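Student: can you look at this prediction? I've put the sequence above it.
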Amino acid sequence: MIDPTLRPSAGFAAEKRLLAWYDANKRALPWRGSSDPWAVWVSETMLQQTRVETVLDYYGPFMKRFPTPAALAKAPLDDALKAWEGLGYYSRIRNLKSAAERVAASGAYPRTATQWALLPGVGPYTAAALASIVAGEPEPVADGNVVRVVARLRAERLDPHDPRDRAASADWLRPALLRTGDPARFNQAVMELGETVCIPGPPRCEACPLAGACRGRATGRPDDFPKKRPPKELPERRFAAFVVRDAKGRPLLFRRPADGLLAGLWELPMVAVRHSPSVADARRALDSLGLAADELRPLGDIRHDFTHFRQILHLWDAVGGPRPSVRRADRRYADPATLPVATASRRALEFASAARSAH
Ligand code: SF4
């Protein structure tokens, strides 16, 4: 935790340098400078746990497809998931859609951080960012990037994952934010500093407007801060996954349940297994799905990391044999381009297609 007796004491000089640096160096991002609540809301939602470079590929097409909360509210869930496909953390788009439905129904956006935080998927950080950027509410933001900047400025081993250290970092920044009288610019300046200069790993102190006031830099080892967590060993979950195609070459896809991990996305038929399956194991797994094939050919393994586990798909081409006609809403032969498909299954299908054309 930050020592609560510590407060910035450099008067206006540090804030002024920070804002001047921001004005001169900020990246030209499509949502930057907008006071349209929807534009800011979508960008802040996409940016949760996701790098700016990745978000740039999604933001424009998403805003074109859903230019208002009402457009997202009335779209089918599959369309929303499709626009988010590959961005990960799919609870974000499901929450954004439910929240857009509420805003569209009420006809008005929230204004304060407290009101924003009542919407699904809007946590304290996003609420503060929205209220400050859209309505100028003097609410400091503190995501992982901002905690890193504060930890280094204070030379304290704060934990960016600890909500208490996030709240303490926001509190520590509050007097400086108030002194500027420009919450939107101040918050965006601190975030920009964390994303482009005070970056994870060795920071670029030579380019930093706050270098003269930074205790972390004065120690000579600024990247000792913030606190680092040891890398996690991800537990593995293995699956036998099957490429079963109909006469038109379209793969059979199953829809995941409406709740839980990857809710509502489509994926290859798969069964949890303990080890890399033999042909006999794979055939039993295929049988258990009510499917059959004349021949099962092993294609290889696909690994995909989630936050809490590593998924390993042992991929099999199910060649020949009867193809079930599908009458269930959650099973379909389909062109994967037309459905929101989970990333591991999409990679598996690309892998299978490449293997097929190599033969
Ligand atoms: S001087 Fe270096 S460590 Fe300190 S805030 Fe700036 S970039 Fe980060």
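Tutor: Received the coordinates, thanks.

Student: and stretch 245-254, what's its mean pLDDT?
Tutor: When pLDDT is averaged over stretch 245-254, the result is 94.

Student: now what about that stretch, what contacts it?
Tutor: For stretch 245-254, contacts defined as CB atoms under 8 Å, 6 or more residues apart in numbering pick out 242-244, 266-269, 291, 323, 326, 330-336, 339, 341, 345, 349. Where you see a C-beta, it was placed from the backbone N, CA and C, and this is true even at glycine.

Student: may I have it as PDB, with CA atoms only?
Tutor: What follows is stretch 245-254, C-alpha atoms only, in PDB (Å, rounded to 0.1, in the frame of the first residue of the first chain):
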ATOM      1  CA  ARG A 245     -16.900 -32.000 -42.700                       C
ATOM      2  CA  ASP A 246     -20.100 -32.300 -44.700                       C
ATOM      3  CA  ALA A 247     -20.300 -32.900 -48.500                       C
ATOM      4  CA  LYS A 248     -19.700 -29.200 -49.100                       C
ATOM      5  CA  GLY A 249     -16.500 -29.300 -47.000                       C
ATOM      6  CA  ARG A 250     -18.100 -27.200 -44.200                       C
ATOM      7  CA  PRO A 251     -16.900 -28.200 -40.700                       C
ATOM      8  CA  LEU A 252     -19.300 -29.300 -38.000                       C
ATOM      9  CA  LEU A 253     -19.400 -26.700 -35.200                       C
ATOM     10  CA  PHE A 254     -20.900 -26.900 -31.700                       C
END
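
Student: and that stretch, how far from the chain's centre?
Tutor: Taking the mean of its C-alpha atoms, stretch 245-254 sits 30 Å from the chain's own mean (CA atoms, centre = their mean, to the nearest Å).

Student: also stretch 290-302?
Tutor: For stretch 290-302 - counting by CA atoms, centre = their mean - the centre lies 32 Å from the chain centre.

Student: by contact count, what packs against the longest helix along the chain?
Tutor: Determined from DSSP state H, the single longest helix within the chain is helix 163-180. With contacts taken as 3 or more CB pairs under 8 Å, 6 or more residues apart in numbering; DSSP states H and E, helix 163-180 sits against helix 13-25, helix 124-135, helix 144-154, helix 183-196.

Student: out of these, nearest to Leu56?
Tutor: Minimum separation from Leu56 across the helices and strands packed on helix 163-180 (CB to CB) falls at helix 183-196, 12.9 Å.

Student: what does that closest one rub up against?
Tutor: For helix 183-196, the external contacting residues (CB under 8 Å, 6+ apart) are 15, 18-19, 21-22, 25-27, 32, 52, 128-129, 132-134, 136-141, 143, 145-146, 148-149, 173, 176-177, 180, 204, 208-210.

Student: could you pick out which of these are near the ligand?
Tutor: When CB under 6 Å from any ligand atom is applied, the members of the contacts of helix 183-196 adjacent to the ligand are 149, 204, 208, 210.

Student: among those residues, which are in helices?
Tutor: The helices, defined by DSSP H, take in Val149 from those.

Student: that concludes my questions; thank you for your assistance.
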